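Engineer: Next come a sequence and a model predicted from it.
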Amino acid sequence: MARNSKKQNIDTIRKSAPKQKKPVDAPDKTLLSILEPDPKYAKTSKDFEEPKKHWLFKDVSFPKRKKKNSENLTKKTKEKNIRKDGKRQIIKPHHKKIAMAGFIVCVVFSVVTLVAGVAFAHQKVYANKVYPGVVVWGTDVGGKTMTEVQQLVTEKVKNYKVELTGPDQTYTATANDLGLTVESESIALSAYSKGRSGSFWDNYVTRARLMATKINWKTSQKIIRANDLKIEPKYSIDEKSLDNYLNKVISNINIAAKDSEVKVSGGSTQLIPAIYGREVKKDELVKELKDHLNGFEGGGITISTKTVKPAIVDDSAKEVVVQAQSIMTRPVTLTYKDQAFKPNKETVASWITFVKTNGSQNYSIYIDPSRMKSYFSFLGTQINISPVNKRVQVENGVKETVLQDGKDGLLIDETTLGKSISNTLANQPSVNLAIPMYVAKYKTEYSQILIADWDKYIDINLSTQRLSACEKGGVNCQTFAVTTGNSTHPTPVGTWLVHGKSAITRMTGGTPGVDYYDLPNVHWVTWFKGGGYSIHEAYWRSSFGGMDYTWNGSHGCVNAPLNVAKFIFDWAPIGTPVIVHY
């Protein structure tokens, strides 16, 4: 309130005071007295005393703030505006900054313009061509068209060779051997797309990186990531072709490990040394070969192999030799009634075999009974009594005549004897066995003979196409119409005997595509001559006895109606004569 009232008093005084000109240096005392601060609010010297420090900051000194000296600032400004020659500067300091900024802008604009011009010219020069710095399989294809890049890739594949160096021989593999197919068109397109397939800015950056690849400096190559600019090869491998080729190479390099062998000959043993094998590390070879294809550069690969140890080595086999020699010297005695048989050392040695089981590192000795058969045959000549077979003759399939009586035999039981010798010889210092025997039953042997039985006979007249069934002396004859073979396949003329019968059968014959036939379920077949000639029914015919048989006849058989074929089948026994004539 005091301040507001004082302000009002000053305004009143100013308005009421007479206006008069006064010197500038003579201020109005009345006004000054009014403007003088109220002692009530005036600050005393105590107000400017240094404040007391808190006990926490007793030892801390604060620098006093210096007042700015306007005179000094004015003096420095004046000094800046004075040149060394004493004349005053026309351009002020901030003018220099503006000029420098303008200069920088001009330089930047010039550089940008120059870069843009160079980039445009670069793009124009390499229109429809690959930009420099693009590398395909180690070759810079810059300046080439897509067709030229494709031809380059094709030629590179055609001339590609890799040498596979084995222990004894070097093999040269081509791309075709390895089943390699390269996508040359796709590679050419990828090369052409470098610096073209991205955005406007990305394309310019890519081109700049491509040009920087020409700088042969490792650090710069890392900065621009030169490896990322290389075109990755696009190819495919026919795994089957690759595997077939490598298998051929590997088969020439691999050597199969061979175990030590023990052979017995003439009562003595012989040790054949083991052979250590050699085997290609195929998985490593395939991996190295595929890695080599990524670079698609010539050169060679060394084929790695490993040694294959045989399962049975010489030291282990020697132990078996000693055991075999011990078995050979063991005495063997075989007795039958009052006879004794003692095989010699060479014979016993021939029974010994050496068996290797899976995973075993040595042989096991086996006394093989199957190797004793030759010795048992010798024993058989001394003690075996062979059976005598019974012989029977059968006439016309009915009448049997015993030509020789049968008699049982007595033979060595070779199976039992072989097992006994094998078990005893392997585990005992000597062998003493009685020879086991068994009764061999005799067998009956039948011999079939045909004898003409003229109590009945069959007469077939080819001229009249008639069949007559007569009893002895030509009485009680029954005649039937039949159809015989045609002119190409005539029914054979002569006297034959019925030698077999079939109630039902399937008949096939002729030449395929010409006169082939396949007739199932032919009933009542009476066979009278070898080669398939018979009297049988013919369900495929509707008439019999006609003179068309020369061209419409059978393939040599005698075709008859069903009832006639059945009658002959039942009436004529085996051995009945069949007379065929004109």
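Structural biologist: Noted; the coordinates are in hand. Keep in mind that this is a model prediction, so the values were computed, not measured.
Engineer: average model confidence for the helix or strand containing Glu185?
Structural biologist: Element membership of Glu185, judged by DSSP states H and E, is helix 184-193. Mean pLDDT, helix 184-193: 81.
Engineer: what does it contact?
Structural biologist: With contacts defined as Cβ atoms under 8 Å, 6 or more residues apart in numbering, helix 184-193 is touched by 129-130, 134, 136, 141, 146-147, 149-150, 153-154, 157, 231-234. For the C-beta atoms, the positions are set from N, CA and C on the backbone; glycine is no exception.
Engineer: Would you list the buried entries among those residues?
Structural biologist: For the contacts of helix 184-193, a burial check counting by 16 or more other Cβ atoms under 10 Å picks out Lys129, Val130, Val134, Val136, Val141, Met146, Val149, Gln150, Val153, Val157, Ile231, Pro233.
Engineer: Show me the two of these that sit farthest apart.
Structural biologist: By the measure Cβ to Cβ, Lys129 and Val157 form the most distant pair in these, at 22.2 Å.
Engineer: Just the endpoints, please. Distance across stretch 457-467?
Structural biologist: Using Cα to Cα, to the nearest Å, one end of stretch 457-467 lies 11 Å from the other.
Engineer: Sorry, wrong one. I was asking about stretch 407-416.
Structural biologist: 24 Å.
Engineer: same check, this time on stretch 338-357
Structural biologist: Criterion Cα to Cα; first-to-last residue distance in stretch 338-357 is 42 Å.
Engineer: Show the average pLDDT along it.
Structural biologist: Average pLDDT, stretch 338-357: 89.
Engineer: any idea which of the buried ones among the contacts of helix 184-193 is closest to Lys441?
Structural biologist: Among these, and counting by Cβ to Cβ, the member closest to Lys441 is Val157, at 79.7 Å.
Engineer: is it true that that closest one lies in a strand?
Structural biologist: No. Going by DSSP: H, G, I helix; E, B strand; the rest coil, the assignment for Val157 is helix, not a strand.
Engineer: May I have the predicted confidence score for it?
Structural biologist: For Val157, pLDDT reads 80.
Engineer: repeat for the one 10 residues further on
Structural biologist: As summarised for this prediction, Pro167 has a pLDDT of 88.
Engineer: where does it sit relative to Val249, distance-wise?
Structural biologist: Pro167 sits 12 Å away from Val249, going by Cβ to Cβ, to the nearest Å.
Engineer: beta partners of the closest residue to Ala256 other than its chain neighbours?
Structural biologist: Nearest non-adjacent residue to Ala256, counting by Cβ to Cβ, 6 or more residues apart in numbering: Gly277, 5.3 Å away. For Gly277, the beta-bridge partners under DSSP bridges are Val308.
Engineer: for Gly277, what are its contacts?
Structural biologist: Counting by Cβ under 8 Å, 6+ apart, Gly277 has contacts Asn254, Ile255, Ala256, Ala257, Lys258, Thr307, Val308, Lys309, Pro310.
Engineer: I'd say the fourth one and Lys306 touch.
Structural biologist: Right, the one you point to is Ala257. No. Using Cβ atoms under 8 Å as the test, Ala257 is too far from Lys306 to be in contact (11.1 Å).
Engineer: which one of the buried ones among the contacts of helix 184-193 sits closest to Thr219?
Structural biologist: Using Cβ to Cβ, the buried ones among the contacts of helix 184-193 come closest to Thr219 at Val134, 21.6 Å.
Engineer: how near is the residue nearest to Ala256 to Ala311?
Structural biologist: Look at Gly277 and Ala311: by Cβ to Cβ, they are 11 Å apart.
Engineer: and for the two, which residues touch both?
Structural biologist: In contact with both Gly277 and Ala311: Ala257, using Cβ under 8 Å, 6+ apart.
Engineer: Please identify the buried residues of stretch 525-540?
Structural biologist: Val525, Thr526, Trp527, Phe528, Lys529, Tyr533, Ser534, Ile535, His536, Glu537, Ala538.
Engineer: Strands along the stretch 251-400 of the chain, start to end?
Structural biologist: Remark: strands assigned in the stretch 251-400 of the chain by DSSP state E, counting those that start in this stretch are 261-265, 268-272, 277-280, 300-302, 305-308, 332-336, 339-341, 352-355, 364-367, 390-395, 399-404.
Engineer: Just put those strands in CSV and tack on distance to Val431.
Structural biologist: Listed next are the strands of the stretch 251-400 of the chain as CSV, based on distance: least, Cβ to Cβ, whole Å:
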stretch, distance to Val431
strand 261-265, 18
strand 268-272, 20
strand 277-280, 40
strand 300-302, 60
strand 305-308, 41
strand 332-336, 4
strand 339-341, 11
strand 352-355, 14
strand 364-367, 10
strand 390-395, 39
strand 399-404, 41
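Engineer: Point out the one among the ones you listed that comes closest to Lys240.
Structural biologist: Of all those, strand 277-280 comes closest under Cβ to Cβ, at 18.6 Å.
Engineer: Return the alpha-carbon coordinates of that closest one using PDB.
Structural biologist: The C-alpha trace of strand 277-280 is given here as PDB (Å, rounded to 0.1, in the frame of the first residue of the first chain):
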ATOM      1  CA  GLY A 277      43.700-102.800 -45.300                       C
ATOM      2  CA  ARG A 278      43.300 -99.200 -46.500                       C
ATOM      3  CA  GLU A 279      40.100 -97.300 -46.700                       C
ATOM      4  CA  VAL A 280      39.200 -93.900 -48.100                       C
END
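Engineer: tell me which helix or strand of the chain sits lowest on mean pLDDT?
Structural biologist: helix 29-35 (a mean of 47; mean pLDDT, DSSP states H and E).
Engineer: from the contacts of Gly277, which is closest to His489?
Structural biologist: Using Cβ to Cβ, the contacts of Gly277 come closest to His489 at Ala256, 62.7 Å.
Engineer: what's near enough to touch Tyr304?
Structural biologist: Check again: residue 304 is Ser, not Tyr. Applying Cβ under 8 Å, 6+ apart, one finds that Ser304 lies in contact with Val280, Lys281, Glu284, Leu285.
Engineer: Among the residues you listed, name the ones in helices.
Structural biologist: Of those, the ones assigned to helices by DSSP state H are Glu284, Leu285.
Engineer: Can you check the contacts of Ser304 and name whichever has the most neighbours?
Structural biologist: For the contacts of Ser304, the largest number of neighbours (other Cβ atoms under 10 Å) sits with Val280, at 22 neighbours.
Engineer: so how far is Glu346 from Gly267?
Structural biologist: As judged by Cβ to Cβ, Gly267 and Glu346 stand 4 Å apart.
Engineer: Show the pLDDT at the residue nearest to Val286 when sequence neighbours are not counted.
Structural biologist: Nearest residue to Val286, sequence neighbours excluded (Cβ to Cβ, 6+ apart): Leu246, at 7.0 Å. pLDDT for Leu246: 91.
Engineer: Please apply the same query to the one 3 residues further on.
Structural biologist: Taken from the predicted model, the pLDDT recorded for Val249 is 91.
Engineer: How many neighbouring residues does the closest residue to it other than its chain neighbours have?
Structural biologist: The shortest distance from Val249 to any non-neighbouring residue, by Cβ to Cβ, 6+ apart, is to Tyr171 (5.2 Å). By the criterion of other Cβ under 10 Å, Tyr171 has 19 neighbours.
Engineer: Ile303 versus Tyr171, what's the distance?
Structural biologist: Separation of Tyr171 from Ile303 (Cβ to Cβ): 8 Å.
Engineer: just Gly545 next, same as before
Structural biologist: Counting by Cβ to Cβ, the gap from Gly545 to Ile303 is 87 Å.
Engineer: Neighbour count for those two, which is higher?
Structural biologist: Ile303 (23 against 17).
Engineer: Who are the contact partners of the more buried one?
Structural biologist: Contacts for Ile303 were tallied using Cβ under 8 Å, 6+ apart; they are Leu164, Thr165, Gly166, Pro167, Val249, Ile253, Val280, Leu285.
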